[in-house]
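**Student:** sequence first, then the predicted structure, then my questions.
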Amino acid sequence: MNEIPPPDPQEVARIRRSRNNVLGLLLAAFVVLVFFISIAKMS
Amino acid sequence: MTQGASLQIPTDWRDFLALTKPRVMSLVIFTGLCGLIAAPEQIHPVLAFTAILCIAVGAGGAAALNQWWEADIDAGMKRTSARPLPSGRMNRIEARDFGVALSVGSVLLMGLAIGWLAAAILAVSIVYYAVIYTIWLKPRTPQNIVIGGGAGAFPPLIGWVAATGHITLMPVLLFAIIFFWTPPHFWSLALFVKSDYAKVGIPMMPVVAGERSTRRQILAYAVLLLPLSMAPWWIGGTGAVYGLSALALSLVFLALSVRVGLRTSGEGDTMKPEKQLFAWSVIYLFSLFAALVADRLILA
């Protein structure tokens, strides 16, 4: 039987946390962009 | 019997970034920006930024779909085997969904913020690269590089249309310049880089038609590129700054191509002319578009 060692839970948590941070930053940047697009379209 | 781990390692965000081929994206951003700046009408800087962002994200989506489709082929080639999919760091469903999300999102944002003509051309360029080139033509014809070059030619057209809202002869000429530049650029590389495309069944020109035919075609495209690169000046779309720059740059391109076109490589050949042509072809495209922008800024 070929046993796959389970991944280190801390490593999984670290990757997930950094991924969520990046996703949060991207969403925040997108909100700011939409805000400025609205201003540009209205001006 | 292999026992799957209950806890899966999530894909790192850097692998999602790698899926978008950032280096290709930088050329797309540069030529898209040049198309936008060279256009006679200017748009609000925020909208200009958004247009370039959509072009870049659309290119990233197309690249992700390309890697989703070619994961098996990438696994068989040394140059691409370390990519996220062939190395197993990401699964194919994630890559496909990521590519679709970026593609659809960039087209929608372009349509809502900039205009639907630019959005339509962006959608066509994504389908052109991800479906027509990657899925249909690349495995079937040695002309794949010629046709694939079309995908790289869309950004200046999209940038121009984003700024002006309509298509005129000038952006079509910019499209044609990149379209005719792509074959000599890639084939000069293919002549001196022993790639393993043949091993994975991708018909590349030097392998399929032979070195001699490839050299002649490089020369033919370079001859066509000279008058094509001058055309924007001839039709009055640019000033002399661009015109004279294009003449000088294209003459050097042609001279290097004549050398590559008319020679045959021997045993233990260093392939210096081919390397010089490839290096010059990168400088050529950046300089030509930089001259286009400089000419526009001087004219303004």
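**Tutor:** That came through fine.
**Student:** give me the number of residues near residue B:159?
**Tutor:** 28 (other CB atoms under 10 Å in any protein chain shown). From N, CA and C alone the C-beta is placed, and that goes for glycine too.
**Student:** does it count as helix, strand or coil?
**Tutor:** At residue B:159 the chain is in helix, as set by DSSP: H, G, I helix; E, B strand; the rest coil.
**Student:** residues in contact with it?
**Tutor:** Residues near residue B:159 by CB atoms under 8 Å, 6 or more residues apart in numbering or on different chains: B:31, B:32, B:33, B:34, B:35, B:36, B:37, B:39, B:51, B:52, B:55.
**Student:** for the fifth one, what are its contacts?
**Tutor:** Residue B:35 makes contacts with B:155, B:156, B:157, B:158, B:159, B:160, B:163, B:171, B:174, as judged by CB under 8 Å, 6+ apart.
**Student:** moving C-terminal of whichever strand or helix holds it, what's the next helix or strand?
**Tutor:** If you go by DSSP states H and E, residue B:35 is part of helix B:22-38. Following helix B:22-38 in sequence order, the next helix or strand is helix B:45-69 (DSSP H and E).
**Student:** now for that following helix, which elements pack on it?
**Tutor:** helix A:9-42, helix B:13-19, helix B:22-38, helix B:92-113, helix B:116-127, helix B:144-164 (3 or more CB pairs under 8 Å, 6 or more residues apart in numbering or on different chains; DSSP states H and E).
**Student:** identify each buried residue in the helix holding residue B:35, please.
**Tutor:** Within helix B:22-38, the residues that count as buried by 16 or more other CB atoms under 10 Å in any protein chain shown are B:24-25, B:27-38.
**Student:** export those to a markdown table and tack on pLDDT and distance to residue B:288?
**Tutor:** A markdown table is the format used below for the buried residues of helix B:22-38 (pLDDT from 0 to 100; distance: CB to CB, whole Å):
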| residue | pLDDT | distance to residue B:288 |
| --- | --- | --- |
| B:24 | 83 | 18 |
| B:25 | 86 | 20 |
| B:27 | 85 | 13 |
| B:28 | 89 | 16 |
| B:29 | 92 | 16 |
| B:30 | 92 | 11 |
| B:31 | 91 | 10 |
| B:32 | 94 | 15 |
| B:33 | 93 | 14 |
| B:34 | 92 | 9 |
| B:35 | 93 | 12 |
| B:36 | 94 | 16 |
| B:37 | 92 | 14 |
| B:38 | 90 | 11 |
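**Student:** residues near residue 43, how many?
**Tutor:** Unless you meant another one, I'm taking chain A. 7.
**Student:** please refer instead to chain B.
**Tutor:** By other CB under 10 Å, 19 other residues sit near residue B:43.
**Student:** got the phi and psi for it?
**Tutor:** Backbone torsions of residue B:43, given as degrees, to the nearest 10, read phi -120, psi 170.
**Student:** which residue is the nearest non-sequential neighbour of it?
**Tutor:** residue B:163 (5.2 Å; CB to CB, 6 or more residues apart in numbering or on different chains).
**Student:** spit out the contact partners of the spatially most central residue of chain B.
**Tutor:** With distances taken as CA atoms, centre = their mean, residue B:152 lies nearest the centre of chain B, 2.9 Å away. Contact analysis of residue B:152 by CB under 8 Å, 6+ apart lists B:27, B:28, B:31, B:178, B:182.
**Student:** try 10 Å
**Tutor:** B:24, B:27-28, B:31, B:59, B:125, B:129, B:175, B:178-179, B:181-182, B:185-186, B:285 (CB atoms under 10 Å, 6 or more residues apart in numbering or on different chains).
**Student:** point to the helix or strand of chain A where mean pLDDT is at its lowest.
**Tutor:** Least confident helix or strand, chain A: strand A:2-3 with a mean of 54, by mean pLDDT, DSSP states H and E.
**Student:** which strand or helix spans residue B:278?
**Tutor:** helix B:272-299.
**Student:** just the CA trace of stretch B:145-152, in PDB.
**Tutor:** Extracted in PDB, the C-alpha atoms of stretch B:145-152 (Å, rounded to 0.1, in the frame of the first residue of the first chain):
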ATOM      1  CA  ILE B 145       2.800  30.400 -35.000                       C
ATOM      2  CA  VAL B 146       1.600  32.600 -37.800                       C
ATOM      3  CA  ILE B 147      -2.000  32.300 -36.700                       C
ATOM      4  CA  GLY B 148      -1.200  32.400 -33.000                       C
ATOM      5  CA  GLY B 149       0.600  35.700 -33.700                       C
ATOM      6  CA  GLY B 150      -2.900  37.200 -34.300                       C
ATOM      7  CA  ALA B 151      -3.600  36.800 -30.600                       C
ATOM      8  CA  GLY B 152      -0.600  38.900 -29.800                       C
END
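**Student:** how distant is that stretch from the center of its chain?
**Tutor:** Computed by CA atoms, centre = their mean, to the nearest Å, the chain-centroid distance of stretch B:145-152 equals 7 Å.
**Student:** what is the neighbour count of residue B:295?
**Tutor:** That count, for residue B:295 with other CB under 10 Å as the rule, works out to 23.
**Student:** looking at it now. What's its pLDDT?
**Tutor:** Per-residue confidence at residue B:295 stands at 92 (pLDDT).
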